[in-house]
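*Asks:* Build me a model:
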Amino acid sequence: MNAKTPSRKSGPGSADQAVAGASSNPVPVPGDKLERARQLLDGGELSLTELSAAVGLSASHLQRRFSARFGLSPAEYLAQRKLGSLRSALREGNDVSAALYDAGYGSPSRVYEAGAARLGMTPARYRSGGAGEQIRWSVTRTALGLALVATTTRGICMIELGDDAAALEARLGEEFPRAALERVDAGRDEFLAPRVQAVADTLGGGAGEVPVDLIGTAFQKKVWDALMKIPPGQTRSYEEVARQIGSPRGARAVAQACANNKVAVVVPCHRVVRGDGSLGGYRWGLPLKETLLRRERAA
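*Replies:* Numbering: from 1, shown residues only. I've put the predicted structure just below:
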């Protein structure tokens with residue numbers, strides 16, 4: 001999974017684009033403490049305590065108001081700013097190691113410790129049907145049957161499973177009715193071909209790296225991020241995932257986020273079960289969920 005970001009950039013992957021609601025707010029008046037907090041985060045790494053002291057708000061008050069305005073907590077905003085800078089540096093051809101350290105990661109492993117989920121298409125653009133997005137897609141046969149693989153320039157945005165290619169294409173159109181959808185022959189497209197192959201390998205039980213462009217709310221991304229940290233062969237209950245992401249009463253919302261996952265297997269919602277160990281639900285059917293878990297446990 002790839003992620004990259006230097007200090008402050010505008011353009012794809014920047015914190016300004018990551019925070020969908022920021023651009024829709026009126027120009028901040030002088031003394032706007034929330035805007036000041038955002039500017040401080042753009043300039044460096046501050047803890048919530050340091051940030052609250054710098055802008056003169058209590059930590060809890062700052063956390064609540066910052067999240068309400070920008071759609072992300074201060075910590076989430078900082079993480080996405082760093083990732084955006086890293087992406088920009090690598091697109092510009094910078095050395096990988098230098099880009100990592102310039103973006104504020106002490107070591108390459110910190111990129112993965114920061115979380116697997118990455119902001120790509122904003123929730124606002126997703127709600128508008130993907131208007132302005134360029135999405136390439138292809139259907140390939142895998143160990144789990146037919147799979148539609150769709151990708152933006154940032155990564156895989158959809159892996160849909162089924163046995164009817166036309167139905168898979170219809171689902172893609174329903175998800176992104178206003179995006180520019182381009183079907184390509186995966187074997188002849190330099191960008192899509194390796195991504196389709198990586199998805200096919202993963203669906204076949206391999207451990208290929210699949211860059212993803214996860215599209216959803218901040219809460220959903222937090223859930224999906226937690227799911228990608230569950231080791232193969234293990235499971236977590238909805239309640240355990242809710243506690244892990246700091247929402248101990250959010251088991252039902254976690255289940256809903258799993259149901260809204262559009263990236264089959266790579267975002268492993270099949271590893272989430274009920275508290276009593278029963279399978280619960282699965283977007284692609286319980287028989288497949290059972291098959292995936294059995295295969296992972298046997299590996």
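*Asks:* Quick check: buried residues in the helix or strand hosting R38?
*Replies:* Remark: R38 resides in helix 33-43, with elements defined by DSSP states H and E. Burial within helix 33-43, assessed by neighbour count using 16 or more other CB atoms under 10 Å, is assigned to K33, L34, E35, R36, A37, R38, L40, L41, D42. For every residue, glycine as well, the C-beta is placed using N, CA and C.
*Asks:* can you check stretch 236-249 too?
*Replies:* For stretch 236-249, burial by neighbour count (16+ other CB under 10 Å) applies to R236, S237, Y238, E239, E240, V241, A242, R243, Q244, I245.
*Asks:* which residues are in contact with that stretch?
*Replies:* Residues lying outside stretch 236-249 but in contact with it, judged by CB atoms under 8 Å, 6 or more residues apart in numbering, are 219, 222-223, 226-227, 230, 250-255, 258, 271-275, 280.
*Asks:* quick one: buried residues of stretch 252-268?
*Replies:* Within stretch 252-268, the residues that qualify as buried are 253-255, 257-258, 261-268, counting by 16+ other CB under 10 Å.
*Asks:* Which of those residues sits closest to V199?
*Replies:* If you rank the buried residues of stretch 252-268 by distance to V199 using CB to CB, V266 comes first, at 7.0 Å.
*Asks:* Please identify the helix or strand for that closest one.
*Replies:* V266 is located outside every helix and strand, with elements delineated by DSSP H and E.
*Asks:* that older thread, other SSEs contacting the next helix or strand after the helix holding R38?
*Replies:* The first helix or strand that comes after helix 33-43 along the chain, using DSSP H and E, is helix 48-55. In terms of contacts (3 or more CB pairs under 8 Å, 6 or more residues apart in numbering; DSSP states H and E), helix 48-55 is packed against helix 33-43, helix 59-70, helix 74-91.
*Asks:* Ok, which of the ones you listed comes nearest D164?
*Replies:* D164 lies closest, by CB to CB, to one member of the helices and strands packed on helix 48-55: helix 74-91, at 35.6 Å.
*Asks:* Rounded mean pLDDT for the closest one, please.
*Replies:* Confidence over helix 74-91 (mean pLDDT, whole number) is 67.
*Asks:* Now do E209 against A200, distance only.
*Replies:* Shown here: E209 relative to A200, a distance of 13 Å by CB to CB, to the nearest Å.
*Asks:* Repeat that for A59.
*Replies:* Here the criterion is CB to CB. By it, A59 lies 47 Å from A200.
*Asks:* more neighbours, these two?
*Replies:* Shown here are A59 and A200; by other CB atoms under 10 Å, A200 has more neighbours (19 against 15).
*Asks:* Regarding that one, what is its secondary structure?
*Replies:* For A200, the reduced secondary structure class is helix; criterion used: DSSP: H, G, I helix; E, B strand; the rest coil.
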